[in-house]
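>>> give me the fold of what follows.
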Amino acid sequence: MSLTEILTRDLNPPQKKAVETMDGPVLILAGAGSGKTRALTHRMAHIIASGLASTDEILCVTFTNKAAKEMEHRIFKILADLNVPVTRELWVNTFHSFCVRVLRQHIDLLDYKKPFTIYDSGDQLALIKRVMVALNINDKMFPSKNLQSRISNAKMLGLTPDNLRGGGSSQIKMDPKTLDVYSRYEEEMKRANAVDFDDLLLKTYELFRMYPAILEQYQNKFRYIMVDEYQDTNHIQYLLVQMLAKAHRNLCVVGDEDQSIYSWRGADISNILDFEKDFPEAVVIKLEENYRSSSNIVSAATKLIANNTQRKEKTLFTNNPEGDLIQIREERNEYDEARFVAKTIQSMISSGESNLNDYAIFYRTNAQSRVLEEQLRTIALPYRLIGGIRFYERAEVKDILSYLRLSQNFSDDMALKRIINVPARGIGKTTLEQIEQKANDSRISLFEATQLLINERHFNAGTTSKLRRFLDLIEDLAIQQKQFRLSEFYSIVLEKTEYVNILKKEDTPEAEARISNLEELDNAIAQFEKERGDEASLSNYLEELTLASDLDNADNNASAITMMTMHISKGLEYPYVFIIGCEENLFPSVRGEDESVDDIEEERRLAYVGMTRARQKLWMTHTKMRRVWGQEQMNPPSRFLREIPKEFTSFSSGALGVQAPRFMSNSRFGSQNNSYSDNNYSNNTNYDDYAQPSYDDDFSQTHQVGKSSGYSKGQRVRHPTFGVGAIFSTEGAGDTLKISVLFQDNTIKKFVAKYARLEKV
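Numbering: from 1, shown residues only. Coordinates of the predicted model:
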């Protein structure tokens, strides 16, 4: 058996072609779950084993250190199985680690010293703030994080201050203030002999442009170049790849434009879409067989993504069993939605068919995890958050909770320490240390120590004024919290601290996410008020949070349900997946006049990524109502649900008492045979135009409703304690008539009608 036959014996025909096609430009379009890493590693091993290049003459670039290590391990194993000795190092790197290797050798040519320092995001922001002070630029007018984001964006496009100042860029325009900060920032970085994360790529690009001999050295060295996840490359990465591949043109890129979901951090889908324009002689290989998911999931995802225009022609398929239909579940609100997810998982775990590690819950924004966390804690199901912090541990949430705590208790030193300079009000570390020293010496609280030092005129006039304003703010909030309902007081805190306004001025994706979390905290408070009524005091709320957080300290090593945003889910897979919040304005998250074709197509790609993470079962949920800043809003179900053909889905609803929208294929609730009707769906569904719900006939066979009773099955009623529900069944007649009511929390309660005080709605 030949070497090629050994390497390709377990591969399908397209994978085999990818491994055998070693010379010239190659574009491998690898659909979700199609075994691209297998093809890529076997291809690299084939080049080495065939003697076309040694291990250090191949550059393989991917996007995470984890992926790089996994690929390196697989290649070593394949070569070991073939008894091919590895005498030189492999160049399997991320873009950034590759550039570090280059700069370590040559950064002195850019007038830096060896070794150089790499600044992380925190270091970068601190230096930008220092530059702003030196340039007398107001941080409130020009938020430092906003400037940091703009500078980073410029560097990802390969643009220096000189490029921007000279007007040589048509890609972006930078305002004069930001440009001044960028220029001064670069000077300070050079003085510190430091580069930031974006500089690793930009400085390497500049090195290659300034010193053609150095570029030629690396062009000649790397006879073969392979780039994984090519759809995620940004402009500067694209330029580096084009430079390095120019000599030999043996460039193989692997990716899937249908999984390009990172434009917000610079990824440019045109890099993969235009590959054949850059390399007209390119061989295109399509990996279209999915080995991960059931046939129904693959077919549904394929039909969904076919609605995009920015894509190559390919059709994902699988030989896996058909599997279960995709479960589309409608609930009344986000609390019912979370209960449905939690109880479904609990039921399946109890049946013994799986374990907690088999389950994943995906959502569009991190703020959506809060309600889920509460419901999972309620029924003692452990969970882990990937790529996020537990809701009540997020910085912005803890900041505002600290204001709430301090307004109620001036002696809460931990709360005061956290917020005395948040948002920034010019109260520094030295000032706080002096306050702490006074508190320790006098055995009083930090609040009292601050008052005392002000009265003693311990600080200069500027510091005294800042501290006085802070104390006045807290004392004012203390008065307000006694006069207003908790939800109203929360709004007052946000307004008087200017916390949200400052985040809005930052105008960054991170700031938007933090605002979303504060919006969700508002929703949590509104729900607390609804549940606790007259007992919904600030002290009760803070007490409940403290008790809830104690449950969060469970064993983190135990098996647990995994929760994450869909962006983070890329590259992962689970037997059972729930995608929640499938509603317009949430997913897709594009709103009204801001909607563009490009944005919607990226959101659809995100849906495709989320769906194709599921191996066996997939649930997609949406709600009739969802709280936004404490107000209930009604949004239509996501257009992506309509784009999934109904033969791959099964619809059910737990929204009893809330009438069915007209796009449902019939008016039955709770039926497992319902699905979305392509003909009746409208993105502008009128939620006042519902059909009256009916119920499965099975329930009426044992409990017939007496017409003369004045009650009928499915009728909506209101109970003074339990709220609105729908009549589920009746028995008896006259004074002994008993009515079972299914309430909106999915509990059924039986009443003697004569005494129940039920009001017909």
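>>> how many neighbours does the closest residue to Phe484 other than its chain neighbours have?
Closest residue in space to Phe484, ignoring its immediate chain neighbours: Ile492 at 6.5 Å, by Cβ to Cβ, 6 or more residues apart in numbering. Placement of C-beta: from N, CA and C, glycine included. Close neighbours of Ile492, defined as other Cβ atoms under 10 Å, add up to 16.
>>> do the same with the one 5 residues further on
Other residues within reach of Thr497 by the criterion other Cβ under 10 Å amount to 19.
>>> ok, now which ones touch it?
Counting by Cβ atoms under 8 Å, 6 or more residues apart in numbering, Thr497 touches Ile400, Tyr403, Pro423, Leu473.
>>> contacts only, for Gln375.
Tyr335, Ala338, Arg339, Val341, Ala342.
>>> 7 Å instead, please
Contact analysis of Gln375 by Cβ atoms under 7 Å, 6 or more residues apart in numbering lists Ala338, Arg339, Ala342.
>>> the second one and Lys617, how far apart?
What it means is Arg339. 19 Å (Cβ to Cβ, to the nearest Å).
>>> picking up where we left off before, dump the contacts of Gln375 to JSON lines, plus distance to Phe391 and neighbour count.
Below are the contacts of Gln375 laid out as JSON lines (distance: Cβ to Cβ, whole Å; neighbours: other Cβ atoms under 10 Å):
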{"residue": "Ala338", "distance to Phe391": "12", "neighbour count": "25"}
{"residue": "Arg339", "distance to Phe391": "17", "neighbour count": "21"}
{"residue": "Ala342", "distance to Phe391": "15", "neighbour count": "23"}
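>>> looking at those, which are in helices?
Residues of the contacts of Gln375 located in helices (DSSP state H): Ala338, Arg339, Ala342.
>>> so where's the protein shaky on pLDDT?
The model of the chain has pLDDT under 70 over residues 1, 167-171, 543, 546-558, 591-594, 630, 656-709, 720-722, 744-748, 755-756.
>>> so which residue is dead centre in this protein?
Closest to where the C-alpha atoms of the chain average out (Cα atoms, centre = their mean) is Thr565, at 3.3 Å.
>>> in stretch 735-755, what's buried?
Neighbour-count burial for stretch 735-755 flags Leu737, Lys738, Ile739, Ser740, Val741, Leu742, Phe743, Gln744, Phe751, Ala753 (criterion: 16 or more other Cβ atoms under 10 Å).
>>> need those in JSON lines with distance to Leu3 and secondary structure, can you?
Converted to JSON lines, the buried residues of stretch 735-755 look like this (distance: Cβ to Cβ, whole Å; DSSP: H, G, I helix; E, B strand; the rest coil):
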{"residue": "Leu737", "distance to Leu3": "83", "secondary structure": "coil"}
{"residue": "Lys738", "distance to Leu3": "79", "secondary structure": "strand"}
{"residue": "Ile739", "distance to Leu3": "78", "secondary structure": "strand"}
{"residue": "Ser740", "distance to Leu3": "73", "secondary structure": "strand"}
{"residue": "Val741", "distance to Leu3": "73", "secondary structure": "strand"}
{"residue": "Leu742", "distance to Leu3": "67", "secondary structure": "strand"}
{"residue": "Phe743", "distance to Leu3": "69", "secondary structure": "strand"}
{"residue": "Gln744", "distance to Leu3": "66", "secondary structure": "coil"}
{"residue": "Phe751", "distance to Leu3": "79", "secondary structure": "strand"}
{"residue": "Ala753", "distance to Leu3": "83", "secondary structure": "coil"}
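>>> ok so, going back, inside helices: which ones of the contacts of Thr497?
Ile400, Tyr403, Leu473.
>>> how close does the first one sit to Tyr262?
Applying Cβ to Cβ, the value for Ile400 to Tyr262 is 30 Å.
>>> the second one too?
In this structure, Tyr403 lies at 35 Å from Tyr262, with Cβ to Cβ as the measure.
>>> neighbour-wise, which of those two wins?
The neighbour count for Tyr403 versus Tyr262, taken as other Cβ under 10 Å, is higher for Tyr403 (24 against 21).
>>> and that one, what does it touch?
Contacts of Tyr403 (Cβ under 7 Å, 6+ apart): Ile419, Leu477, Val493, Thr497.
>>> burial count for the third one?
Yep, that's Val493 we're talking about. Val493: 18 neighbours (other Cβ under 10 Å).
>>> remind me which helix or strand it belongs to.
helix 486-497 (DSSP states H and E).
>>> that helix: how far from the chain's middle?
Here helix 486-497 shows a centroid-to-chain-centroid distance of 27 Å under the convention Cα atoms, centre = their mean, to the nearest Å.
>>> one more: stretch 55-73?
The answer for stretch 55-73 is 26 Å, by Cα atoms, centre = their mean.
>>> next, the buried residues of that stretch.
Thr55, Glu57, Ile58, Leu59, Cys60, Val61, Thr62, Phe63, Ala67, Ala68, Met71, Glu72.
>>> one more: stretch 29-38?
Leu29, Ala30, Gly31, Ala32, Gly33, Ser34, Gly35, Lys36, Thr37, Arg38.
>>> how about stretch 335-344?
For stretch 335-344, by 16+ other Cβ under 10 Å, it's Tyr335, Asp336, Glu337, Ala338, Arg339, Phe340, Val341, Ala342, Thr344.
>>> can I get those in TSV including distance to Glu603?
Listed next are the buried residues of stretch 335-344 as TSV, based on distance: Cβ to Cβ, whole Å:
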residue	distance to Glu603
Tyr335	25
Asp336	25
Glu337	20
Ala338	22
Arg339	27
Phe340	24
Val341	22
Ala342	26
Thr344	26
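>>> of those, which is the nearest to Asp10?
Relative to Asp10, the closest of the buried residues of stretch 335-344 is Thr344; by Cβ to Cβ it sits at 37.0 Å.
>>> show me what contacts the closest one?
With Cβ under 7 Å, 6+ apart, Thr344 has no contacts at all.
>>> what does Leu40 give?
Met71, Met226, Asp228, Val254 are the contacts of Leu40 under Cβ under 7 Å, 6+ apart.
>>> any idea how far stretch 434-454 is from the middle of the chain?
That offset, for stretch 434-454, works out to 42 Å (Cα atoms, centre = their mean).
>>> what does stretch 120-132 give?
How far stretch 120-132 lies from its chain's middle: 26 Å, per Cα atoms, centre = their mean.
>>> so which bits of it are buried?
Residues Asp123, Gln124, Leu127, Ile128, Lys129, Val131, Met132 are the ones in stretch 120-132 that count as buried (16+ other Cβ under 10 Å).
>>> with adjacent residues omitted, what lies nearest to the second one?
The spatially closest residue to Gln124, leaving aside those adjacent along the chain, is Asp196, at 4.8 Å (Cβ to Cβ, 6+ apart).
>>> from what I can see the one you found touches Gly122, true?
No: using Cβ atoms under 7 Å as the test, Asp196 is too far from Gly122 to be in contact (10.7 Å).
>>> re the thing from before, against Tyr182, how distant is the residue nearest to Gln124?
12 Å.
>>> do Asn523 as well
With Cβ to Cβ as the criterion, Asn523 and Tyr182 are 39 Å apart.
>>> Pro382 touches Thr562, doesn't it?
No: at 10.6 Å, Pro382 and Thr562 do not qualify as touching, with contact defined as Cβ under 7 Å.
>>> ok so, going back, residues contacting the residue nearest to the centre of the chain?
Per Cβ under 7 Å, 6+ apart, neighbours of Thr565: Phe362, Tyr363, Arg364, Thr365, Asn366, Gly387.
>>> ok, 8 Å please
With Cβ under 8 Å, 6+ apart, Thr565 has these contacts: Phe362, Tyr363, Arg364, Thr365, Asn366, Gly387, Gly388.
>>> what's the answer for Ile419, then?
By Cβ under 8 Å, 6+ apart, the contact set of Ile419 is Asp399, Ser402, Tyr403, Leu406.
>>> apply 6 Å and report the result again.
Asp399, Ser402, Tyr403 (Cβ atoms under 6 Å, 6 or more residues apart in numbering).
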